[in-house]
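Enquirer: Attaching a predicted model along with its sequence, questions to come.
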Amino acid sequence: MSIPQEPSRPPRREFLRTTALAAGGALTGSSIAAAQHSGHAMDGGGRGMKGHNGMSPELPKPIGDPSLGRPTGVQDEYDGFRRFAPSRGNSPDSDYYLGKLVPGLRDPSAGRAPFVAPDITSLPYEMKGGVKEFHLRATPVEAEFLPGYKMNVYGYNGSMPGPTIEVTQGDRVRIVAKNELPEPTSMHWHGFELPVQWDGASELTQNLIEPGETFVYEFDIHEEGTFFYHSHIPMQEAFGMVGWFIVHPKKDWDPPVDRDFGLIFQNFAIEPGQTVSDSWAMDWSWHTINGRSGPFNSPLVVKHGERVRIRILNFSPMQHHPIHLHGHTFWVTGHEGARIPKSAWIPRNTELIAVAQASDFEFIANNPGDWMMHCHMVHHMMNHMTEQVGPRVRPHQSVDAYLANLDRSPGVSSQNSDPGFAVPGYPQKMKGMSMDMMMSDRIVGRRETLGMRADWPMAIMGLMLAVRVLPEDLYHLVMETDEPVEPGSVFTEIVRRFGDPSVYHPAMKMSHG
Ligand SMILES: [Cu+2]
């Protein structure tokens, strides 16, 4: 707001007047909020019962059984913190402040929660003479960032990121590493305190693994925590050569969690008409979580009241990610170094994760709904940004065409029939506004997305994903049954139970372009 300056007004007076106006604005804002909260629709303000088009919105029918909405026999309140509602908090010195030590709902006899990296597989191993033996192959990968958008990257065992290695503290591991790339590589075990000849720093500690060659790494693991492996050739790192290396502690961490997720955030610079990243670029046009761009990455679906751990690795070549979670306060309970002592856990809504850092978030999912978790850098919340000149990528390109002749990459076509690339207006007119049926079905046809608002894919791009906190009965409906679920019905049901349906607008229907 700009205030016309009166010639005689000293700067100090102007400051005071601006502040008073700002405070008045805030008061008006809270009056509106109070009116809405108490159920009185605002007249004529366009924020009441009427939709934007003046039509009364039709809400999907009630679904589920609210009486099944929370597990029985579960302690709801912990010294001022509530498991099933946004917390009113307590003394920051309390163990239960914002849910710090509230355990999960999981039966302790079931053991620790399985580690789940959505859209990435786990690497099997064989026990050989007391050693866990893993086989990793460095390979070119055709990674589908979005349905139909296949990129030529590097990874392991045909996957980018590579498959997850999971071990327990105290294990001895052997990794048989084969190079199936058309160029030398080396593999680094990031964060491990191991004998130097297995560190994978090429030339400093070992010879490069030439194409077709195999190198065997073997070492004991005494640490615990969230680690990863990656190529130690910088340009290969920028091509996506990374994977989780999770070390479960000998003595389970306390308090136990119900969910243990892992997400690898990456950036790529893929120019118009290309499928190969410019690994020297200083700016980054494509962004992936576990190898997929939003909205193709998988929502994390959890039950209301559960304790959730999300491990996040930033393996972008150049850029840091301030990761923000909506609707919840999380604790930063670990980094790639190790578990953090409880006394030093930090409550946050946004945590900056720098390149090659991993952070563990833990929180009680006490607030039902579909919540965003995302990098807060605006350029990282988009896919294939352009400079108002046309397509950055060509869909349906095969890795075979590229590999058939390494000296000649496939030609670039300046033509693109996809209306999503129409200029001007791009990228403000983003791809998610209109999707073809194939793309749409593969995004909204997945179990994890059932019952979300019809136009949710418009909101999830690049380094964003949805965290769905569902009451027990709705979780069952979405994740464990094959009953039909109407678009928007699960979200609307949560609004019915926990919000105010009288002021809720259902989503516009998605258009299929
Ligand atoms: Cu970012």
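Expert: Sure, I can see it.

Enquirer: buried stuff in stretch 213-231?
Expert: Buried residues in stretch 213-231, counting neighbours by 16 or more other C-beta atoms under 10 Å, are found at 215, 217, 219, 221, 223-231. In this view, the C-beta of every residue, glycine as well, is placed from N, C-alpha and C.

Enquirer: and for stretch 345-356, what are the contacting residues?
Expert: By C-beta atoms under 8 Å, 6 or more residues apart in numbering, the residues outside stretch 345-356 that reach it are 97-98, 100, 190, 265, 312-325, 328-333, 336, 359, 361, 376.

Enquirer: roughly how far out does that stretch sit from the chain middle?
Expert: The offset between the C-alpha centroid of stretch 345-356 and the centroid of the whole chain comes to 14 Å, using C-alpha atoms, centre = their mean, to the nearest Å.

Enquirer: still on that earlier bit, tell me the one among the buried residues of stretch 213-231 nearest to the ion.
Expert: Out of the buried residues of stretch 213-231, the one with the shortest distance to the ion is residue 228. That distance is 17.8 Å, counting by C-beta to the ion.

Enquirer: just for this protein, where's the confidence low?
Expert: Using pLDDT under 70 as the threshold, the predicted model of the chain has low-confidence ranges 1-57, 272-273, 385-399, 401-402, 406, 408-436, 438, 509-513.

Enquirer: Out of the buried residues of stretch 213-231, which are close to the ion?
Expert: For the ion, no contacts are drawn from the buried residues of stretch 213-231 by C-beta under 5 Å from the ion.

Enquirer: Switch the residues you listed over to JSON lines; also include secondary structure.
Expert: Output for the buried residues of stretch 213-231, formatted as JSON lines (DSSP: H, G, I helix; E, B strand; the rest coil):
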{"residue": "215", "secondary structure": "strand"}
{"residue": "217", "secondary structure": "strand"}
{"residue": "219", "secondary structure": "strand"}
{"residue": "221", "secondary structure": "coil"}
{"residue": "223", "secondary structure": "coil"}
{"residue": "224", "secondary structure": "coil"}
{"residue": "225", "secondary structure": "strand"}
{"residue": "226", "secondary structure": "strand"}
{"residue": "227", "secondary structure": "strand"}
{"residue": "228", "secondary structure": "strand"}
{"residue": "229", "secondary structure": "strand"}
{"residue": "230", "secondary structure": "strand"}
{"residue": "231", "secondary structure": "strand"}
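
Enquirer: Which two of those have the greatest separation?
Expert: 215 and 224 (26.0 Å; C-beta to C-beta).

Enquirer: Flag every residue of the stretch 301-450 of the chain that's near the ion.
Expert: Residues of the stretch 301-450 of the chain found near the ion, taking C-beta under 5 Å from the ion as the criterion, are 321, 375, 377, 380.

Enquirer: For ChimeraX, write a command that selects the buried ones of those residues.
Expert: In ChimeraX, this line selects whichever of these come out buried by 16+ other C-beta under 10 Å:
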select :321,375,377,380
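
Enquirer: could I get the buried residues of stretch 213-231 as CSV with distance to residue 472?
Expert: As requested, the buried residues of stretch 213-231 are arranged in CSV below (distance: C-beta to C-beta, whole Å):
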residue, distance to residue 472
215, 49
217, 45
219, 44
221, 37
223, 37
224, 32
225, 31
226, 29
227, 34
228, 34
229, 37
230, 39
231, 43
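
Enquirer: Which residue ranges of the stretch 1-150 of the chain form strands?
Expert: 77-78, 81-82, 115-116, 126-128, 131-146, 149-156 (DSSP state E, counting those that start in this stretch).

Enquirer: And the helices in this protein, which stretches?
Expert: In order along the chain, the chain carries the following helices (DSSP state H): 11-37, 234-237, 399-403, 437-444, 472-480, 489-498.

Enquirer: List the buried residues of stretch 374-384.
Expert: So for stretch 374-384, counting by 16+ other C-beta under 10 Å, buried means 374, 375, 377, 379, 380, 381, 382, 383, 384.

Enquirer: which residues touch the second one?
Expert: Under the criterion of C-beta under 8 Å, 6+ apart, the contact list for residue 375 reads 265, 287, 321, 322, 323, 324, 381, 462, 463, 464.

Enquirer: what about the fifth one, neighbour count?
Expert: The tally of other residues near residue 323 (other C-beta atoms under 10 Å) stands at 24.

Enquirer: I figured it hits residue 377, correct?
Expert: No. The pair residue 323 and residue 377 does not pass the contact test of C-beta atoms under 8 Å, sitting 10.1 Å apart.

Enquirer: ok, the nearest residue to residue 279 once chain neighbours are set aside - contacts?
Expert: Residue nearest to residue 279 in three dimensions, not counting chain neighbours: residue 238, with 3.7 Å by C-beta to C-beta, 6 or more residues apart in numbering. Applying C-beta under 8 Å, 6+ apart, one finds that residue 238 lies in contact with 268, 277, 279, 317.

Enquirer: Just give me the closest of the residues you listed to residue 365.
Expert: residue 268 (31.3 Å).

Enquirer: dump the residue contacts of the closest one.
Expert: The contact partners of residue 268, by C-beta under 8 Å, 6+ apart, come to 151, 153, 238, 240, 277, 284, 285, 286, 287, 288.

Enquirer: my guess is residue 264 contacts residue 163, does it?
Expert: No. Because the distance of 11.9 Å does not satisfy C-beta under 8 Å, residue 264 is recorded as not touching residue 163.

Enquirer: How about the single nearest residue of the stretch 201-350 of the chain relative to the ion: what's its closest non-neighbour residue?
Expert: Distance from the ion to each residue of the stretch 201-350 of the chain (C-beta to the ion) is smallest for residue 321, at 3.5 Å. What sits nearest to residue 321 in space, not counting adjacent residues and going by C-beta to C-beta, 6+ apart, is residue 375, at 4.1 Å.
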